[in-house]
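S.K.: Sharing a model that was predicted from the sequence below.
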Amino acid sequence: MRTELSEEESAAGARRRAAVEDEPGALLASYRRHLRAVDLPVSRMAWAGAMAVFGLALVLRLWGLGSIGELIFDETYYVKDGYTLTQQGVEMDWPEEPDAAFEAGDVDSYEETASYVVHPPLGKWLIGAGMTLLGADSPWGWRISSAVLGSLAVLMLTVIARRLFRSTTAGLIAGLLFAVDGMALVHARTSLLDPFLMVFVLASFGALLIDRDRFREHLALTAARMQLASEAPPPLGASGGLRPWRILAGALLGAACAVKWSGLYFVAVFGIMTVLWDWWARRTIAQPRWFLGGLLKDAIPAFFAVVGTALLTYLVSWAGWFASTIGYNRHLAADEGVATGFGPLDALISLWLYHRQAYDFHVGLDSEHPYAAHPAGWLLQLRPTNFYYRSYDYGENGCEVARCGAHILDVGNPLIWWLGALAILVAVVLGIVHRDGRAWASLSGIVAGYLPWLMYTDRTIFTFYAIAFEPWLILCLTYVLSLVIGPPGAERERRLAGGLFVGSLLVLIVMVSAFFWPVWTGQVLDVEQWQYRMWLPSWT
């Protein structure tokens, strides 16, 4: 009879004893695995890669930022509004045709009456902050806020994609795509409102991702502790605990709405998304009455954390208007005969009436515009928006041929957008078939930032609005490219082939961006070279 154990059996026995001794750790690991609360270790290489992508984004957005000394496209509104906000606390009227004087440095020629505006003030305050820093008479001052925040958005997307897909490679792919895309570049190099909207909604998405992961970790710890102590779970499940990242997300969404009202769609979609994440987590660990418990302990508090904080943030953004005596419609309640005599309440009533006027303007905006674009064509970049064009003859502004042009066309890298549109369809299919939460999270910004515009096709709308949801188009593309590379446990040959294909595609995308760089930055090109870059007739 054999009395000695083999080395293999001894090792197996040691593992069983260790498992018994480490029952608390094993139980916690089991809950964390079911909740997909998997750690992604902090890596110096990951941060080095993220900072390299951020550095690339910063260089591309700052290089020659002040080379065009004219107000570009809608900068004619928002730069001057931003300046008067820093001087008077509200937007002010300007005389007829003020741009030439403003561009020449006569920045104080605004009038003494407040201007009627139809967008909230926060984005213009941010533009004004740049001018406070670098001067209102400098094109750098006009655009520095957008350039810096646009670069930070690249870093945020890199970190967000890494957390969402639990992959450093995926994070770097997403960051690189966003760093070199034309629409992101053009918006970061001009001072419109939409890039600020994008930055705030992207930051709120990141905050909700962190909140999701911390909630799942809290749920795993609580469930493991109660099971080890043989405690009966509370009737409606464990409490979610303090959730500061959800409150921060609410503030960021309020800031988005304080840039443009289209941020409201993100409030709705992200608010639903964060509650669905909580319900899924409670159901996954089989908490009793998970739906009712999630409703009372997660959904209702989430409403106040997200919507309540967003509303408060939005009102704070109007502080300059509240504090002024000359703001447009500042005393509208009294003018309409509905004043109560209580100053703060009258101010809120006036703001509400002002908002009704602005809403009527937006829904009635149907005037013709040469670059108006149906949203059905936005994903394919069928009708990009022309921000700037100047024609030059030989000898003018460095033109060395008979005819040249300097163009800023807000068109995305065609490979990114065309492949991204296909990736959205793939994400929808995989989200339905495999119930892959990564796919649905990647689609959330598309639902919030794109689909609502399909209801307003009778209005004057433009392709450049797509910057608000571009990060999620890139997340969808990154999701599909990650599937092509394969999971960490896949065969080496499979991952090698996938990695080579994706790497080659990324090189091609970067080359295409280099080709389009002149028409994203207003470089002087001879007309023949310019025509090579107009890939579709609708781009001219």
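M.R.: Cool, the structure landed. Since we're looking at a predicted model, the values are computed, not measured.

S.K.: got the domain boundaries for this structure?
M.R.: Structural domains of the chain, as assigned by automatic domain parsing, span the residue ranges 194-328, 329-363.

S.K.: If we ignore the residues flanking it in sequence, what's nearest the spatially most central residue of the chain?
M.R.: Per CA atoms, centre = their mean, the C-alpha nearest to the average position across the chain is that of residue 202, at 3.0 Å. Taking CB to CB, 6 or more residues apart in numbering, and ignoring the residues beside it in sequence, residue 202 has residue 471 as its nearest neighbour in space, at 5.1 Å. To be clear about C-beta, it is placed using only N, CA and C from the backbone, and glycine gets the same treatment.

S.K.: where's that neighbour relative to residue 113, distance?
M.R.: In this structure, residue 471 and residue 113 are 39 Å apart, going by CB to CB, to the nearest Å.

S.K.: So for those two, which sits in the more crowded spot?
M.R.: A count of neighbours by other CB atoms under 10 Å puts residue 471 above the other of residue 471 and residue 113, at 29 against 10.

S.K.: sorry, back to before: right, and the residue nearest to residue 202 touches residue 155 too?
M.R.: No. Using CB atoms under 8 Å, residue 471 and residue 155 do not qualify as a contacting pair, with a distance of 11.9 Å.

S.K.: which parts of the strand or helix carrying the residue nearest to the centre of the chain are buried?
M.R.: For residue 202, the element it lies in under DSSP states H and E is helix 194-228. Applying a neighbour-count criterion of 16 or more other CB atoms under 10 Å, one finds 194-224, 227 buried in helix 194-228.

S.K.: three-state assignment of residue 388?
M.R.: State at residue 388, reduced to three classes by DSSP: H, G, I helix; E, B strand; the rest coil: strand.

S.K.: Where does the closest residue to it other than its chain neighbours sit, in terms of helix or strand?
M.R.: Using CB to CB, 6+ apart and skipping the chain neighbours, the partner closest in space to residue 388 is residue 408 (3.9 Å). For residue 408, the host element (DSSP H and E) is strand 403-410.

S.K.: quick one: contacts of the next helix or strand after that strand?
M.R.: Scanning forward in sequence from strand 403-410 by DSSP H and E, the next helix or strand is helix 414-433. Here helix 414-433 makes contact (CB atoms under 8 Å, 6 or more residues apart in numbering) with 177, 181, 183, 379-381, 436, 439-440, 442-443, 446, 473-474, 476-477, 479-481, 483, 505, 508-509, 512, 535.

S.K.: same question, stretch 261-273
M.R.: Counting by CB under 8 Å, 6+ apart, the neighbours of stretch 261-273 from elsewhere in the structure are 119-120, 197, 200-201, 204-205, 208, 249, 253, 256-257, 302-303, 306-307, 310, 362, 440-441, 444-445, 447-449, 452, 465, 468.

S.K.: which stretches of the stretch 151-300 of the chain form helices?
M.R.: With DSSP state H, counting those that start in this stretch as the definition, the stretch 151-300 of the chain shows helices at residue ranges 168-180, 182-188, 194-228, 244-257, 263-284, 290-294, 300-303.

S.K.: Distance from stretch 241-249 to the middle of the chain?
M.R.: For stretch 241-249, the separation from the chain centroid amounts to 19 Å (computed by CA atoms, centre = their mean, to the nearest Å).

S.K.: Name the residues of that stretch that are buried.
M.R.: For stretch 241-249, the neighbour count (16+ other CB under 10 Å) marks 243, 245, 246, 247, 248, 249 as buried.

S.K.: cool, and stretch 393-413?
M.R.: 399, 404, 405, 406, 407, 408, 409, 410, 411, 412, 413.

S.K.: Compute the first-to-last residue distance for that stretch.
M.R.: The first and final residues of stretch 393-413 sit 29 Å from each other (CA to CA, to the nearest Å).

S.K.: And the strands in the stretch 251-400 of the chain?
M.R.: Read by DSSP state E, counting those that start in this stretch, the stretch 251-400 of the chain holds these strands, from start to end of the chain: 385-393.

S.K.: Below-threshold pLDDT in it: ranges please.
M.R.: Counting by pLDDT under 70, the stretch 251-400 of the chain shows low-confidence ranges at 366.
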